[in-house]
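> task: produce atomic coordinates for the following.
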Amino acid sequence: MASLGEDLLGIVNKLQDLVFNTIGNDSLDLPQIVVVGSQSSGKSSVLENIVGRDFLPRGSGIVTRRPLILQLINILPDEDSPDTSVSTQPEWAEFHHIPNRRFTEFHDVKREIENETARIAGNNKGINRQPINLKIYSPSVLSLTLVDLPGLTKVPIGDQPTDIEKQTRNLISEYIAKPNSIILAVSPANVDIVNSEALKLARHVDPLGRRTIGVLTKIDLMDHGTNAMDILSGRVYPLKLGFIGVVNRSQQDIQGNKSLEEALKAESNFFKHHPAYRNMASRCGTQFLAKSLNTTLMAHIRERLPDIKARLNTLMGQTQQELAGYGDMHFSGKEHRGSLVLQLMTRFASSFISSIDGTSTDISTKELCGGARIYYIFNSVFGNSLESIDPTTNLSALDIRTAIRNSTGPRPSLFVPELAFDLLVKPQIKLLEIPSQRCVELVYEELIKICHTCGSTELTRFPRLQAKLIEVVSDLLRERLGPASSYVESLISIQRAYINTNHPNFLGAAAAMSNVVTNKQDKERKKLLQEERERREKKRQKDHALNENAIPEDVEGENEAEKKTSRKPIHLSSRSLSPRLRENGTSNGMLASINGVNGTTGGPRDSFLNYFFGKDGAPGSMVSPSSHNPNLGRNVNHSTEPIFSQSMRRPEERTNHGSLAQQQREDDSIGKTHREYEYSPPFGNNSEPVLTDREAMETELIRALISSYFNIV
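Below you'll find the predicted structure:
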């Protein structure tokens, strides 16, 4: 059974080394003995007594600042050696971080522990969770696996962290909380057992005391007349594995270079000759402690072996599944490098395409990605940016009027020239370029993101190949960014090069004029109703203030509104283009032609043409040009002569015929027209000149046409 136990412990040590080399932590929860105790409780002395060598650092404050995993391996004595005594057999130590190097001098082991601790944990007396693995091969030790942890401290001294107690407790709890760990709680006998920090921590994770071994140190330093028999017998604090008393070297013995062999002999003599402990001397001392730990650890390994095996099978299955995810092992080797690279590139391309198509198996549920993100960019981001553009926001009334005048040249125009519309709409189409280029950049950024996230697990086996693939694809996308931007510019240039006014969705001049007139009449109607409401409200408030019986004004107001409405009729099929025309009644030729006199009906297009060209059968009040200009030399019929009111022409186009009184009346009429239109500049620029009735209508018409064409580009 002893041989079987030694073999089991050797296997556990190999597993521990394997896990530490591969995973980096003890995820298997292998059986081990964890040494816990307060600072200066004698933990280091107990371990040195078990090993039989001075190899642990000593000093004031916290000396053990990293967990020390100590594997004691018993080796058979060399039978070929002439001196077969145990003391002359070779002993050595090995560190995991320095492989293939044996330390035969144990003071070098102490120095290496100090150097390695300072290398990882620093020189500020802080602690670190990364363990130090040390193996000691000796024929004088029993096979054990011990973990030496930093001692518990209450008050930080020197440059220790202020939370040193919390850090130490968390580190100790991390090790002793594992179910497969045996807790070796070291407590000094010269301190009341109820104040033992080691037993307090052990009881927190092992309340029944099934896997806790108590060790009482400094029994020789107890007050005279007192002993620890009640504690060692388990009557004070019962533990399943019991308490074991030991006597370590004092500080005076260490300074006097007292050897461990002499210390062990002195310990044995102390228990044999002490009147209180001589009856149980065989169950006290370091040698009995080492044997008990070895026996307990072997039994614990055999007890936990089924759980360890099940845990191993689970980890092996997970590892094999992870290994299978890295690709087929048949492609390993130099002869299959080309096939492997081609396969990885093909899967990378397939993953890239599936991310865009939305068929990838690793679809995120937290945010939009891949093809869905690109669709969102086109549909929402780009669409909203286009809808937020006002095609006429940077066009003032002065700009539109200037463009119309420049397009007519030295000749007066009878209607809005199409060239003016072209001049004004082309710069507005240019507004589409900035959001379009931004859309291209957003799609490019999303493609780069897809490129970095579409790598398979197999590709992660070869990080340099993965980095090169991402670099090549990123360069390709970056190269195509320029041509894509140029293509967007060319599309916008194509739209600007030819203005297609024959597009079926284009509003057209007639419909635009109809909308302008309709909107104007709606505003006038709303203004009239609002003024009537305000007048009635003021009247009501005035009557209420005078405490008089108010005469109902609703009927009177409605009658007055009806009278005003009857004086200014509004017909959808017959639109009046200016207040001046309404005042002149049916005797005015312009109003008659627009309202369809002589029984002729027409749609918005006829109204637009009548506005600029007149209509057949106009009243006789509209005179022919021949009566004004006798030098024409030919008679022109009224039905073919364009009828245009003098007040509708631009001021510079009017003739200077007539008296000053007539000119004054025309100016008053124009001013009244402007007041009724109540035209305000689009940007509130009061420095712009006041527009005439015709210019206001032309400006609104151009704005409507630009907005209509902008929506179909």
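> contacts and neighbour counts: CA atoms only from here.
Will do.
> can you pull the buried residues of the longest helix seen in the chain?
Assignment by DSSP state H gives helix 286-324 as the longest helix of the chain. Applying a neighbour-count criterion of 16 or more other C-alpha atoms under 10 Å, the buried positions in helix 286-324 are 286-298, 300-302, 305, 307-308.
> swap in stretch 107-118?
Across stretch 107-118, burial judged by 16+ other C-alpha under 10 Å covers 109, 112-114, 117-118.
> tell me the spacing between the residue positioned nearest the centre of the chain and residue 324.
Closest residue to the average C-alpha location of the chain: residue 367 at 9.1 Å, with C-alpha atoms, centre = their mean. Spatial separation of residue 367 from residue 324 under the definition C-alpha to C-alpha, to the nearest Å is 29 Å.
> for residue 160, same thing?
Plainly put, residue 160 is 48 Å away from residue 324 if you go by C-alpha to C-alpha.
> wait, residue 197 sits on residue 38?
Yes: under the contact definition of C-alpha atoms under 8 Å, residue 197 touches residue 38, with a separation of 6.4 Å.
> who touches both of those two?
When contacts are counted by C-alpha atoms under 8 Å, 6 or more residues apart in numbering, residue 197 and residue 38 are jointly contacted by 152, 187.
> would you map the strands across the stretch 201-350 of the chain?
Counting by DSSP state E, counting those that start in this stretch, the stretch 201-350 of the chain forms strands over residues 212-217, 243-245, given from the N-terminal end onward.
> adjacent strands (with direction) for the shortest one?
In other words, strand 243-245. In the sheet containing strand 243-245, its partner strands are strand 212-217 (parallel), by DSSP bridges.
> pLDDT score for residue 562?
If you check residue 562, the pLDDT there is 50.
> against residue 523, how distant is residue 240?
Using C-alpha to C-alpha, one gets 98 Å for the distance from residue 240 to residue 523.
> over to residue 104?
Residue 104 is 105 Å from residue 523, by C-alpha to C-alpha.
> ok, residue 540 next?
Spatial separation of residue 540 from residue 523 under the definition C-alpha to C-alpha is 26 Å.
> one step back: just give me the closest of the buried residues of stretch 107-118 to residue 388.
Closest to residue 388 out of these is residue 118 (63.6 Å), distances taken as C-alpha to C-alpha.
> where's the closest one, which helix or strand?
Secondary structure assigned from DSSP states H and E places residue 118 in helix 106-121.
> counting contacts, what elements does that helix pack onto?
Where contact means 3 or more C-alpha pairs under 8 Å, 6 or more residues apart in numbering; DSSP states H and E, helix 106-121 is packed against strand 92-95.
> ok, and what's touching the strand it packs on?
100-106, 109, 132-138.
> just say helix, strand or coil for the closest residue to residue 150 other than its chain neighbours.
The spatial neighbour of residue 150 that comes closest, neighbours along the chain excluded (C-alpha to C-alpha, 6 or more residues apart in numbering), is residue 64 at 4.9 Å. Here residue 64 is recorded as coil under DSSP: H, G, I helix; E, B strand; the rest coil.
> please shift the residue numbers so they start at 54 in all later answers.
Okay, residue one is now 54; in that scheme the one you just asked about reads as residue 117.
> which residues touch residue 190?
Neighbouring residues of residue 190 by C-alpha under 8 Å, 6+ apart: 125-128, 144-146.
> dump those residues into a markdown table; add pLDDT as well.
A markdown table is the format used below for the contacts of residue 190 (pLDDT from 0 to 100):
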| residue | pLDDT |
| --- | --- |
| 125 | 90 |
| 126 | 90 |
| 127 | 87 |
| 128 | 86 |
| 144 | 88 |
| 145 | 92 |
| 146 | 93 |
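> what segments of this structure are strands?
Secondary structure of the chain, counting by DSSP state E: strands at 85-90, 121-127, 145-148, 151-156, 185-191, 197-201, 234-241, 265-270, 296-298.
> tell me which of the ones you listed approaches residue 311 most closely.
Each of those has some distance to residue 311 by C-alpha to C-alpha; the shortest is strand 265-270, at 18.1 Å.
> which residue ranges of the stretch 454-603 of the chain form helices?
For the stretch 454-603 of the chain, helices defined by DSSP state H, counting those that start in this stretch occupy the ranges 471-482, 486-506, 516-550, 562-598.
> and those: which comes nearest residue 103?
For residue 103, the closest of these is helix 516-550, at 47.9 Å, according to C-alpha to C-alpha.
> what's the mean pLDDT across that closest one?
Taken as a whole, helix 516-550 carries a mean pLDDT of 90.
> what's the answer for stretch 273-287, then?
Per-residue pLDDT over stretch 273-287 has a mean of 87.
> can you give me the end-to-end span of that stretch?
Between the opening and closing residues of stretch 273-287 we find a distance of 19 Å, counting by C-alpha to C-alpha.
> now find how far off-centre it is within its chain.
Remark: stretch 273-287 is offset 64 Å from the chain centroid, using C-alpha atoms, centre = their mean, to the nearest Å.
> point out where the stretch 354-503 of the chain drops to low pLDDT.
Judged by pLDDT under 70, the stretch 354-503 of the chain has its weakly predicted residues at 378-386, 388-389, 466-469.
> okay, now residue 305: neighbour count?
For residue 305, the neighbour count with other C-alpha atoms under 10 Å is 9.
> what about it, distance to residue 311?
Computed as C-alpha to C-alpha, the residue 305 to residue 311 distance reads 9 Å.
> repeat for residue 503
Using C-alpha to C-alpha, one gets 70 Å for the distance from residue 503 to residue 311.
> who has more neighbours, the two?
Taking residue 503 and residue 311 together and counting by other C-alpha under 10 Å, residue 503 has the greater number of neighbours (20 against 14).
> wait, that one sits on residue 405?
Yes: with contact defined as C-alpha under 8 Å, residue 503 and residue 405 form a contacting pair (6.7 Å).
> show me the domain layout of this structure.
The chain breaks down by automatic domain parsing into domains covering 86-123+203-364, 394-550, 562-594+616-712+744-765.
> which one of those domains is the most hemmed in?
For the domains of the chain, the largest average neighbour count (mean count of other C-alpha atoms under 10 Å) is found in domain 86-123+203-364, namely a mean of 18.
> now the end-to-end length of that domain.
20 Å.
> that domain: how far from the chain's middle?
Relative to the centre of its chain, domain 86-123+203-364 is centred 50 Å away, using C-alpha atoms, centre = their mean.
> ChimeraX command to pick out the buried ones of the contacts of strand 145-148?
With 16+ other C-alpha under 10 Å as the burial test, the buried ones among the contacts of strand 145-148 are selected in ChimeraX as follows:
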select :155,159,162,185,186,187,188,189,190,191
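> what's the closest of the contacts of strand 145-148 to residue 254?
Checking those against residue 254 with C-alpha to C-alpha, the nearest one is residue 185 at 23.0 Å.
> okay, that closest one: pLDDT?
Residue 185 is given a pLDDT of 91.
> quick one: it and residue 221, what's the gap?
Note on residue 185: its distance to residue 221, by C-alpha to C-alpha, is 16 Å.
> cool, residue 514 as well?
Residue 514 is 38 Å from residue 221, where distance means C-alpha to C-alpha.
> if I look at residue 268, how far off is residue 306?
The gap separating residue 268 from residue 306 is 21 Å, by C-alpha to C-alpha.
> same question, residue 568
Separation of residue 568 from residue 306 (C-alpha to C-alpha) stands at 111 Å.
> how about residue 355?
Relative to residue 306, residue 355 is positioned 40 Å away (C-alpha to C-alpha).
> next one: residue 434
In this view, residue 434 and residue 306 are 82 Å apart by C-alpha to C-alpha.
> next: residue 445.
Residue 445 sits 99 Å away from residue 306, going by C-alpha to C-alpha.
> same question for residue 280.
Counting by C-alpha to C-alpha, the gap from residue 280 to residue 306 is 23 Å.
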